[in-house]
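S.K.: sequence first, then the predicted structure, then my questions.
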Amino acid sequence: MAADGAGAPPVLRTLVVDDEPLAIERLQILCAREPMVDLVGTAADGEAALRLVEALEPDLLLLDISMPGLDGMGVARALEKRTRRPAVIFCTAYDQFAVAAFDVAAVDYLLKPVAPDRLSRAVARAAEKLSGAPAPAAPETQAPVPEAPGFTEEFWVPHRSEVVRIAAQDIDRIEAERDYMRLHVGPRSFLLHQTISELERRLDPARFIRLHRSTIVRRDRIAKLRHDGLGVWHAELSDGEAIRIGRTYLPAARALMGR
Amino acid sequence: MISDVASSREGITSRTAILSILGFWAFHFVIVTLRAAVLGFDDQLEMLVRRAVVTLVSIGITMVVWLLLRRVHGAPLSRRVAAAALLAVPASIVYSAVNYYVFYDFGLPKSVVIANKADEKTLTVQVDMTHADEKSPVMAIADNAANGYFFFAAWAALFLALTYAAETGHAERRVARFRAAAQSAELRALRYQVNPHFLFNTLNSLSSLIMTDRRDAAEAMVMNLSTFFRTSLTGDPTEDMRLSDELRLQRLYLDIETVRFPERMLVDIAVPDALMDACVPGLILQPLIENAIKYGVSPARRVVRISVRARESEGRLVLAVEDDGDDKPTGATIGEPGVTNGIGLRNVRERLAARFGDAADAAWGRRPGGGWAVVLTMPLVRNGC
């Protein structure tokens, strides 16, 4: 990232990757309107993208997911092995890949046709993220919770006409609804197509606890446990919600009280 | 009959029930009368009258049984059988009492005097006919009721069998109706199902054409898109389409996709004119062409040829959609069409089966040279579309 003197907005050297010529053209036009974006190259597939990253050392990638050969997810994973890695904004036509994006650190997730203001926000977020972390110091740039590797810190959830980012730490509780999981975040909730056990695996057990076959709760949201007799236990949450505790999960829940 | 509507909706009609009662007792009447005639019983005419009276009363009793049995209509069969078995008890007792009264107690001489006038010594034998069988009336009625029980039980069995058959018929017709409705709804849903990838990528290309001021190309794409969606969304999904119309529609779709993949796609459609008026289920080629683009063109970094062929073979229409894509797609998120998009191909097979039964077939697999091939075989129909 090149800062053109004090006070000037940072300029992100950007690479656009897409296998459809018209899609590249469209992003080229949008990027030309973005003051913070300096388009340095385009690539039509994943391998070409990696070669250009090597040669051009861009700050930002606008990355399509579905491509011949190495696809966008593959590119993002390959980038994670680099010490100096560019920020990634996924641009795709459809949200079916959102779940896979949990595994790679992405700044944003845009749906095609990308709206100009949505791109502006994503670029601003990328700039923020890049400026907050000095370029070569790789270890500090990532992973807010280094002692808990492998846990997902943010989820991308299709919501209305876009894909929204939900930080794991903002989730109050998760409830299963058939094939979907409802993530409760404050007064709002989002549906995510995922199994509860997969979600449980992705969440840091130090922060989340499973209370029922279909419920996961953030530990610090539990106000108290209540015994209703006959071995029936409920967890009362700080928002007043009472969650029934499944028999299998009772020992772990009662261990909470011991803390 | 008040509950005629209800009974005709689910069980048998009152007319059928009454006919079963009349038929049942008429049959009994005829059999017993024939027996009397064959065995040469005395006083056949008088007995006939008495028998007619008993039969009429029996019909009345059975009517009552029927009206009562109808009240447990809709209950489980076991409960209806139990109700019939119980109802036959009072019915048979009433029947037997009437029978006794009509045959033994009504108008018969109390005794018969057999005299031999020729002889001086008069021999008088008095037989008390009311106690001819040495039984009390109660005993006689009870004995006959045991026989009568089986008449009513037999009619009730007949009634339940008729009702049950009618209900089963209704249920089967209802299931068939539901199945047909579900199938047509499913076909409609299949048709209305818009591939979101296709839609949004196309809108993206369109936006790009507009932003770069390529008005004619943008206009052509809008027209192709609207014609494609109009044709695929508004037609009756259960109706057949002329092969020429089907191909025109697929050509539109391919034209739209060619804008997305200008340097990677080659379309080659070769269908003899003689087959252009053949009838095919509407949009039957759509999933095949979509698959060829998704698994053949999209993952390839070179030109991929999509070919559509039609031929006639032994009175059957053979349609083939092939691509010469890579042998094994390397994309991490792209799988085999048979695995990841098996639903699409299965749907094609099911639609063919729904339309033609066993006379149609869908086969698919990897081509030896790389790429994917799907071959549909169906009866060659030229009328009705």
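M.R.: Cool, got the structure. Nothing here was measured: the structure is a model prediction, and the numbers come from that model.
S.K.: now do the strands in the stretch 101-250 of chain A.
M.R.: Taking DSSP state E, counting those that start in this stretch to define them, one finds strands in the stretch 101-250 of chain A at A:108-111, A:154-159, A:162-167, A:173-177, A:180-185, A:188-193, A:208-212, A:215-218, A:222-227, A:233-237, A:242-245.
S.K.: which other helices and strands contact the last one?
M.R.: To tie it back to what came earlier, the one meant is strand A:242-245. strand A:208-212, strand A:233-237 (3 or more CB pairs under 8 Å, 6 or more residues apart in numbering or on different chains; DSSP states H and E). Where C-beta positions appear, they are placed from N, C-alpha and C, glycine not excepted.
S.K.: quick check: residues of chain A near chain B?
M.R.: Chain A has residues A:19-23, A:25-26, A:29, A:44-45, A:65-71, A:73-74, A:93-94, A:97, A:100, A:111-113 near chain B, with proximity defined as CB under 8 Å from any CB of the partner chain.
S.K.: list buried residues within these.
M.R.: When neighbours are counted using 16 or more other CB atoms under 10 Å in any protein chain shown, those contain these buried positions: A:19-23, A:25-26, A:44-45, A:65-71, A:73-74, A:93-94, A:97, A:100, A:111-113.
S.K.: so how many other residues sit close to whichever residue of the stretch 1-150 of chain B sits closest to chain A?
M.R.: Of the residues in the stretch 1-150 of chain B, the one nearest chain A is B:Pro76, at a distance of 33.1 Å by CB to the nearest CB. Neighbour count for B:Pro76, taken as other CB atoms under 10 Å in any protein chain shown: 9.
S.K.: how close does it get to B:Val65?
M.R.: As for B:Pro76, its distance to B:Val65 is 19 Å (criterion: CB to CB, to the nearest Å).
S.K.: where does the closest residue to A:Ala127 other than its chain neighbours land on pLDDT?
M.R.: In space, and not counting its chain neighbours, A:Ala127 is closest to A:Pro10: 5.1 Å by CB to CB, 6 or more residues apart in numbering or on different chains. The per-residue pLDDT reported for A:Pro10 equals 82.
S.K.: surely A:Pro10 is in contact with A:Glu128?
M.R.: No. When contacts are counted by CB atoms under 8 Å, A:Pro10 is not listed as touching A:Glu128 (9.4 Å).
S.K.: more neighbours: the two, which one.
M.R.: Just comparing A:Pro10 and A:Glu128: by other CB under 10 Å the higher neighbour count belongs to A:Pro10, 17 against 13.
S.K.: tell me how far that one lies from B:Val53.
M.R.: On the measure of CB to CB, A:Pro10 and B:Val53 end up 113 Å apart.
S.K.: go on, B:Asp43?
M.R.: Between B:Asp43 and B:Val53 the distance is 15 Å, computed by CB to CB.
S.K.: can you check B:Ala36 too?
M.R.: B:Ala36 sits 15 Å away from B:Val53 when distances are taken as CB to CB.
S.K.: before we move on, what about A:Arg118?
M.R.: The gap separating A:Arg118 from B:Val53 is 95 Å, by CB to CB.
S.K.: what sits up against the longest strand along chain B?
M.R.: Longest strand in chain B, counting residues (DSSP state E): strand B:304-313. In this structure, residues lying in contact with strand B:304-313 by CB atoms under 8 Å, 6 or more residues apart in numbering or on different chains are B:243, B:247, B:250, B:254, B:264-272, B:274-275, B:278, B:285, B:289, B:292-293, B:296-297, B:317-325, B:371, B:377, B:380.
S.K.: just those residues: which are in helices?
M.R.: Using DSSP state H, B:Leu243, B:Leu247, B:Gln250, B:Leu254, B:Ile289 are the members of these that sit in helices.
S.K.: re the thing from before, quick one, which of the strands of the stretch 101-250 of chain A gets closest to B:Thr202.
M.R.: Proximity of the strands of the stretch 101-250 of chain A to B:Thr202 was assessed by CB to CB; the nearest stretch is strand A:108-111, lying at 13.8 Å.
S.K.: mind listing what's buried along the strand or helix carrying A:Leu50?
M.R.: Mapping A:Leu50 onto the secondary structure by DSSP states H and E places it in helix A:46-56. Burial within helix A:46-56, assessed by neighbour count using 16+ other CB under 10 Å, is assigned to A:Gly46, A:Glu47, A:Ala48, A:Ala49, A:Leu50, A:Leu52, A:Val53.
S.K.: relative to A:Ala126, how far out is the third one?
M.R.: Here A:Ala48 is placed at a distance of 21 Å from A:Ala126 (CB to CB).
S.K.: list only buried entries from the contacts of strand B:304-313.
M.R.: Under a neighbour-count criterion of 16+ other CB under 10 Å, the subset of these counted as buried comprises B:243, B:247, B:250, B:254, B:264-265, B:267, B:271, B:275, B:278, B:285, B:289, B:292-293, B:296-297, B:317-325, B:371, B:377, B:380.
S.K.: restricted to strands, list those residues.
M.R.: Filtering those for membership in strands, criterion DSSP E, returns B:Met265, B:Val267, B:Leu317, B:Val318, B:Leu319, B:Ala320, B:Val321, B:Glu322, B:Asp323, B:Thr377.
S.K.: and of those residues, the nearest to chain A?
M.R.: When these are compared for distance to chain A, the smallest value, 11.4 Å, is given by B:Met265; criterion: CB to the nearest CB.
S.K.: dump the residue contacts of the closest one.
M.R.: Contacts for B:Met265 (CB under 8 Å, 6+ apart) come out as B:Leu254, B:Glu257, B:Thr258, B:Ile293, B:Val297, B:Val303, B:Val304, B:Ile306.
S.K.: burial measure for the third one, as a count.
M.R.: Other residues within reach of B:Thr258 by the criterion other CB under 10 Å amount to 17.
S.K.: look up the pLDDT of it for me, please.
M.R.: Confidence at B:Thr258, expressed as pLDDT, is 92.
S.K.: kindly report the same for the fifth one.
M.R.: For B:Val297, the pLDDT comes out at 91.
S.K.: hmm, B:Asp323 and it touching each other?
M.R.: Yes. Shown here, B:Val297 and B:Asp323 form a contact pair, counting by CB under 8 Å, at 7.1 Å.
S.K.: quick one on the thing from earlier: pop out the phi and psi values for the residue of the stretch 1-150 of chain B closest to chain A.
M.R.: Geometry field for B:Pro76 lists phi and psi as phi -60, psi 150, criterion degrees, to the nearest 10.
S.K.: show me where pLDDT drops low in chain A?
M.R.: Residues of chain A that meet the criterion pLDDT under 70 lie in A:1-9, A:95-101, A:133-149, A:258-259.
S.K.: longest helix anywhere in chain A?
M.R.: With residue count as the measure and DSSP H as the assignment, chain A has helix A:116-132 as its longest helix.
S.K.: what sits up against it?
M.R.: Counting by CB under 8 Å, 6+ apart, A:1, A:9-10, A:12, A:30-31, A:33-34, A:36-37, A:59-60, A:87, A:89, A:107-108, A:110, A:162 sit against helix A:116-132.
S.K.: just those: which are in strands?
M.R.: A:Leu12, A:Val37, A:Leu60, A:Ala87, A:Ile89, A:Asp108, A:Leu110, A:Glu162.
S.K.: most neighbours among those residues, please name it.
M.R.: Ranked by the number of neighbours (other CB under 10 Å), the ones in strands among the contacts of helix A:116-132 place A:Leu60 first, at 28 neighbours.
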